[in-house]
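S.K.: Okay, sequence plus prediction incoming.
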There are 2 protein chains.
Amino acid sequence: MGLIVQKFGGSSVATAEKIHRAASRAIAAKNAGNRVCVVVSAMGDTTDDLIQLANDVCRFGRAESSTPPKREMDQLLATGEQVTIALMAMAIHAQGQEAISFTGGQIGLVTDNSFTKARIQSINQQRIFEQLAAGKIVIIAGFQGVTPEGDYTTLGRGGSNATLVAIGAVLGADVCENYTDVDGIYTADPRIVKNARKIDRISYDEMLELSGMGAAVLQTRAVEFAKKYNVPIHVRNSQNDHPGTWIVAETPNMEHIVVSGAALKRELIRVLMKSVPDQPGIAAKIFGEIAAANIVVDDIIQNVSDDNTANISFTVEHGDMQDIKPVVERLMKELGGKSSAIYQDGLAKVSAVGVGMRVHTGVAQRMFKALADGKINIQNITTSEIKISCIIAKSDAERALQIVHDAFDLGNAK
Amino acid sequence: MGLIVQKFGGSSVATAEKIHRAASRAIAAKNAGNRVCVVVSAMGDTTDDLIQLANDVCRFGRAESSTPPKREMDQLLATGEQVTIALMAMAIHAQGQEAISFTGGQIGLVTDNSFTKARIQSINQQRIFEQLAAGKIVIIAGFQGVTPEGDYTTLGRGGSNATLVAIGAVLGADVCENYTDVDGIYTADPRIVKNARKIDRISYDEMLELSGMGAAVLQTRAVEFAKKYNVPIHVRNSQNDHPGTWIVAETPNMEHIVVSGAALKRELIRVLMKSVPDQPGIAAKIFGEIAAANIVVDDIIQNVSDDNTANISFTVEHGDMQDIKPVVERLMKELGGKSSAIYQDGLAKVSAVGVGMRVHTGVAQRMFKALADGKINIQNITTSEIKISCIIAKSDAERALQIVHDAFDLGNAK
């Protein structure tokens, strides 16, 4: 008897009909002899609607909107998933099977207290195993947890996937099925690249680089967790029964494929901190404080000038602008009166990813040449063992993705 | 420095604007030098909308609707108040004051596990006092609690008022301010009786009889709790600053008024259990099992017939029909094959209430005569020390209320 954890995203539970369709899948897995857990997101646009409601309240009757306290934001947002788990349990009950729903707090899903971006610290699997043993389908609210004090937290964008994999890991699940509205992971975003192709199997590391690059469906944290605990993820379409994409541990024959996918990150901002003192420990201080604010930075460049100062630049996502600005301004003030910061908008990043890069040469050159032939200016390059990324103008973004995709012939099955 | 607990019902927090108006009241009470707690209900029709959503899911694609599991219903409904507390905290924050919101679970508001009709067992006031001491306005979700296992429960209709008074009691509040959309408690429902008059002060016992009779605004449980812990309740209109009705311990001069108010309970059902064995302990068994199902019965009549059997009748509210039927049917089966039950619809009950009845005579007679003059047939009579009730046809209900109201001249200030 297997143990399956299924996850249904917001669009897969947007209506009573869709909730019943998801319920039927869970029941089918149960009837096939498995123990079944289901992780769900908030219905449809619920989370966005709640954020809108919060903004309405914070803006009401005022020239300038106040920022909602993050603790209260999470108190608010956590309701979205709680509605879905109750309805999913009712739908399964209506279809004649027993189910029980749990909020994050009810299964002791404890996080740190970084409200709106919390990290999972522990899950108490006892209550889940008890209910599975009693023959019930266990429904769990994605995206949410509680602090040790019992305050609601949320796990940030894509947090339901983090819940999926964490639950899969603590239960020792045979597979985490991630139901979405696409057929799987593609060689590039199919909304941009028309000849993008569904990938059958991909390694955790490749998926990590792709999701870090802003490829939809699965976020870095979820994949990191899956890799750490070796939990296979099967990304599938909730609207059909096609096999999707399996995300699994790397196998030797994966290296036959040089590049597995191309990804795009739009809406980047480059932060340039000019004339900071060129002393040991400055970079550590800067990026330590930025990390403490839970902001992910990338593409760091440091240039030393001749007056014992350095220019440090890095990119952040546009959505982090509001959070990073006060941190940078405070750092600049602390580092001395001469310093100032510049924020450059309108950037994007295109990447090629593949474990085959480890054993194949000439990959970078092929990518740079293709972009040059397309008259796309490369502003900065970063590489890892299995990834090459180029910072480009946002206006070139979609064309660059198509160019890289075609340069490695990703549209044709290998 | 006083301690005030304010409660805002669903209609007083239905929009961002109304939430801000309630927030302003809490801030005004704080600025006047008080420590302030705020209990809130779900916004507007949220609870009804959630029930509708549950019904949609339970009915979906089926000829007959399934009944949603009550535990899941409470998991669903508890989200309504959680949304409001977060928004209320944001509104207070936006107005420049500090606030923190708590769900029932977050302040250890523990109930029994009678889902949808739970009773409060204990509240941990420590976290509330800590936050009040830190200068914050504390926002608490009404209507909800958790079982010792951490499952959400709801407190039944009017449960937010139970929360208000329970919080007031454990904190030793100086007053519980209950904000509604009416100016206070009236001598009769002003939607039916046009010359109904606002009452300035009323005793707990009178309010108990009135609320038990279906008078709006405050439910029996809340008033019982307030009486037990001697917490004064001030029922006020959230739309204006008029003094409302104070519900307080009885004082000797209250007895000058013979009848304080008249009340109506519509939508009653009389359950007649025919030919049950006339043995000692039968009634105790029947009403014990009904009470165990958390159903309130009233107007019990037992008639012994000549064949060693008895007819037992009682009334329940129409809304309890679904719950009481299986209990009665099971009891009838257990009590012997001869027995059968009859359910009579279309009943109502009109009552006159006043602590003055204790010292004044002739009250019952005056009420019966007025109803007789109005050609209203009395089907059953029950009395307490401070109340006289008559069961009548539902079709006579509103006219009967007006007649009783006029018979005691309640429309004119005493």
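M.R.: On my side now, so go ahead.

S.K.: make it CA atoms for all contacts and neighbour counts henceforth
M.R.: OK.

S.K.: Roughly how far does residue A:80 sit from chain B?
M.R.: 8 Å (CA to the nearest CA, to the nearest Å).

S.K.: name the element that residue belongs to?
M.R.: helix A:70-94 (DSSP states H and E).

S.K.: Kindly report the residues of chain A close to chain B.
M.R.: Applying CA under 8 Å from any CA of the partner chain, one finds that chain A approaches chain B through A:16-17, A:19-20, A:53-54, A:56-60, A:65-69, A:72-73, A:75-76, A:79, A:82-83, A:86-87, A:89-91, A:93-94, A:100-101, A:106, A:150-151.

S.K.: of those, buried ones?
M.R.: A:16-17, A:19-20, A:53-54, A:56-60, A:66, A:68-69, A:72-73, A:75-76, A:79, A:82-83, A:86-87, A:89-91, A:93-94, A:100-101, A:106, A:150-151 (16 or more other CA atoms under 10 Å in any protein chain shown).

S.K.: The following helix or strand past the helix holding residue A:80 packs against which elements?
M.R.: As assigned by DSSP H and E, the chain's next helix or strand after helix A:70-94 is strand A:99-102. Helices and strands touching strand A:99-102, by 3 or more CA pairs under 8 Å, 6 or more residues apart in numbering or on different chains; DSSP states H and E, are helix A:70-94, strand A:137-141.

S.K.: want to throw the ones you listed into CSV with distance to residue A:32 and mean pLDDT?
M.R.: CSV is the format used below for the helices and strands packed on strand A:99-102 (distance: least, CA to CA, whole Å; pLDDT from 0 to 100):
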stretch, distance to residue A:32, mean pLDDT
helix A:70-94, 16, 97
strand A:137-141, 13, 98
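
S.K.: Out of these, which gets nearest to residue B:355?
M.R.: helix A:70-94 (45.5 Å; CA to CA).

S.K.: packing partners for the helix holding residue A:80?
M.R.: By 3+ CA pairs under 8 Å, 6+ apart, helix A:70-94 packs against helix A:16-31, strand A:35-40, helix A:46-59, strand A:99-102, strand A:137-141, strand A:152-154, helix B:46-59, helix B:70-94.

S.K.: what's the closest of the helices and strands packed on strand A:99-102 to residue A:229?
M.R.: The nearest among these, by CA to CA, is strand A:137-141 at 19.8 Å.

S.K.: could you check the angle helix A:70-94 makes with the closest one?
M.R.: 160 degrees (axes from the mean of the first three to the mean of the last three CA atoms, to 10 degrees).

S.K.: In contact with the residue nearest to the spatial centre of chain A, which residues are there?
M.R.: The centre of chain A sits closest to residue A:219, judged by CA atoms, centre = their mean, with a distance of 2.1 Å. Residues near residue A:219 by CA atoms under 8 Å, 6 or more residues apart in numbering or on different chains: A:158, A:161-162, A:208, A:211-212.

S.K.: export those to JSON lines and tack on pLDDT, neighbour count and distance to residue B:120?
M.R.: What follows is the contacts of residue A:219, written out as JSON lines (pLDDT from 0 to 100; neighbours: other CA atoms under 10 Å in any protein chain shown; distance: CA to CA, whole Å):
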{"residue": "A:158", "pLDDT": "82", "neighbour count": "19", "distance to residue B:120": "37"}
{"residue": "A:161", "pLDDT": "93", "neighbour count": "28", "distance to residue B:120": "36"}
{"residue": "A:162", "pLDDT": "93", "neighbour count": "27", "distance to residue B:120": "35"}
{"residue": "A:208", "pLDDT": "88", "neighbour count": "20", "distance to residue B:120": "48"}
{"residue": "A:211", "pLDDT": "74", "neighbour count": "21", "distance to residue B:120": "47"}
{"residue": "A:212", "pLDDT": "63", "neighbour count": "18", "distance to residue B:120": "48"}
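
S.K.: Give me the pLDDT for the residue of the stretch 251-400 of chain A at minimum distance from chain B.
M.R.: Closest to chain B within the stretch 251-400 of chain A is residue A:322: 17.9 Å, counting by CA to the nearest CA. Looking at residue A:322, its pLDDT stands at 88.

S.K.: What about it, how many residues nearby?
M.R.: Look at residue A:322: counted by other CA atoms under 10 Å in any protein chain shown, it has 9 neighbours.

S.K.: Could you do residue A:127 as well?
M.R.: For residue A:127, using other CA under 10 Å, the count is 14.

S.K.: which residues are contacting whichever strand or helix holds the residue of the stretch 251-400 of chain A closest to chain B?
M.R.: Assigned by DSSP H and E, residue A:322 belongs to helix A:321-334. Residues from elsewhere that reach helix A:321-334 (CA under 8 Å, 6+ apart): A:269, A:273, A:276, A:286, A:289-290, A:293, A:295, A:339-341.

S.K.: rewinding a little: of all the helices and strands packed on helix A:70-94, which lies closest to residue B:360?
M.R.: Closest among those, using CA to CA: helix B:46-59, at 44.1 Å.

S.K.: Just the mean pLDDT for that closest one, thanks.
M.R.: The average pLDDT for helix B:46-59 rounds to 93.

S.K.: What would that helix look like as PDB? C-alpha coordinates only.
M.R.: C-alpha atoms of helix B:46-59 as PDB (Å, rounded to 0.1, in the frame of the first residue of the first chain):
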ATOM      1  CA  THR B  46     -20.200  36.300   5.400                       C
ATOM      2  CA  THR B  47     -21.400  33.500   7.600                       C
ATOM      3  CA  ASP B  48     -24.500  33.000   5.500                       C
ATOM      4  CA  ASP B  49     -22.400  33.100   2.300                       C
ATOM      5  CA  LEU B  50     -20.000  30.400   3.700                       C
ATOM      6  CA  ILE B  51     -23.000  28.200   4.600                       C
ATOM      7  CA  GLN B  52     -24.300  28.700   1.100                       C
ATOM      8  CA  LEU B  53     -20.900  27.600  -0.200                       C
ATOM      9  CA  ALA B  54     -21.000  24.500   1.900                       C
ATOM     10  CA  ASN B  55     -24.500  23.700   0.700                       C
ATOM     11  CA  ASP B  56     -23.300  24.100  -2.900                       C
ATOM     12  CA  VAL B  57     -20.500  21.700  -2.300                       C
ATOM     13  CA  CYS B  58     -22.700  19.200  -0.500                       C
ATOM     14  CA  ARG B  59     -25.500  19.300  -3.100                       C
END
